[in-house]
Each structure stands twice: as structure tokens, then as C-alpha cells.
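In: Using only what follows, build the 3D model:
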Amino acid sequence: MFELKPIAKESIARALAKVERYRLLGEPGEAESICRDVLDADPGNQEALVCMILTHTDQFDEPHSRPDEARGLLGRLCAEYERLYYAGVIDERWGKALLHGGYPRETVFPLIRSAMQRFEAAEKIAPEGNDDAVLRWNACVRLIATNRLAASGDGNGETPGVESFDDDVPVR
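Out: Residues are numbered from 1 along each chain as shown. I've put the predicted structure just below:
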């Protein structure tokens, strides 16, 4: 079998620029591969960890995708703001993928609400001049309105988490 070749630490900045280009080209698998190479060379590289989280969320609409690996990377982020913000991004993008995959609106709603709660928490500790969490919150509000998302009508306003039946996710 072939063995992976390591990249030099000096090439990390160029590699991360390529990650962004591959994501923009709609090739998240290629971007993920580069992120893995960067993290092999520099396991604590925060930019590579964020890019890896985003490449995973870019693939949420693919068959058999799950948010577990993206969520597992959150603990490696150093800043609390980053952990909260990207946890919200994961929930929001997973909810959108399920919505586009045909899941009922009341199943998707709790994920979007969870994302909003994370964005709200991130907003409170955001660096000055950084309104990214506000922008994501507003996108979630618009998603709820556009798709008429709401909690289930079972009286308690909650729907079981979608994670509880990840193994049954239909092919999208």
C-alpha cells in the first residue's frame, strides 16, 4: 500500500490557500485531504481545524454524511467564541441538509434553534467588530420564516434530536 508523504511546515500557508480555493470550486473532498495534511504537519493549527470543520459541513448533503466528525473537532479549537460559533454552523448546515433531504420541518427546527442559541452565546463574547454570529442568527431567522419551520405540535415544543436516528438517515 502507498504511504502518505508529509508536507513541510513552511508550505502550510500555501496549502491553506488551496483549501479555500477547493471549497470555492465545490470540491470539499480535495479540501479535506489538504486539511488532513496540514493537521498532520501542525496538529494544533487553528485555521486548518476551522477549514476541516467547514469541509465536513460542505459535505452534509452527500449520502451517509453525519455531523459527528465535524463536532469532534470543536474541542480542539482554542477560543470559546470559535467553539460556539462553529458548533452553530454545524447545527445550521446539518439542519439545512436534512431539510433539503426531505426531513419533516418539525424535525429540522430544533437543529436550527440550537444553532441560533449557539450563535447568541457566541455573539456575547465576539471580538469587537465581528458580527459573524449575528449574520448567521439572521440567516437562521430567515430560514425559519421561508420554510415555515416550527416545533412539533406535541405540546412540549421539543422534537427529539435528529442525532438519535442518524443511522437511519436516508440517502440524499
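
In: what's the domain layout of the chain?
Out: The record, using automatic domain parsing to delimit domains, assigns the chain the ranges 1-59, 78-172.

In: Residue 78 versus residue 69, what's the distance?
Out: Applying Cβ to Cβ, to the nearest Å, one obtains 19 Å for the distance of residue 69 from residue 78. Every C-beta, even on glycine, is put in place using the N, C-alpha and C of the backbone.

In: Pull the residues that contact stretch 126-139.
Out: 81, 84-85, 88-89, 92, 115-116, 119-120, 122-123 (Cβ atoms under 8 Å, 6 or more residues apart in numbering).

In: What mean pLDDT does it get?
Out: Averaged across stretch 126-139, the pLDDT comes to 98.

In: Output it in PDB with nothing but the alpha carbons.
Out: Listed in PDB are the C-alpha atoms of stretch 126-139, where the atom choice follows Å, rounded to 0.1, in the frame of the first residue of the first chain:
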ATOM      1  CA  ALA A 126     -17.400  38.000  20.000                       C
ATOM      2  CA  PRO A 127     -14.400  40.200  19.300                       C
ATOM      3  CA  GLU A 128     -15.200  43.800  18.700                       C
ATOM      4  CA  GLY A 129     -16.200  44.400  15.100                       C
ATOM      5  CA  ASN A 130     -17.100  40.700  14.500                       C
ATOM      6  CA  ASP A 131     -20.800  40.300  13.700                       C
ATOM      7  CA  ASP A 132     -20.400  36.900  12.100                       C
ATOM      8  CA  ALA A 133     -22.700  35.300  14.800                       C
ATOM      9  CA  VAL A 134     -25.300  38.000  14.200                       C
ATOM     10  CA  LEU A 135     -25.200  37.300  10.400                       C
ATOM     11  CA  ARG A 136     -25.700  33.600  11.000                       C
ATOM     12  CA  TRP A 137     -28.500  34.200  13.500                       C
ATOM     13  CA  ASN A 138     -30.300  36.400  10.900                       C
ATOM     14  CA  ALA A 139     -29.800  33.700   8.300                       C
END
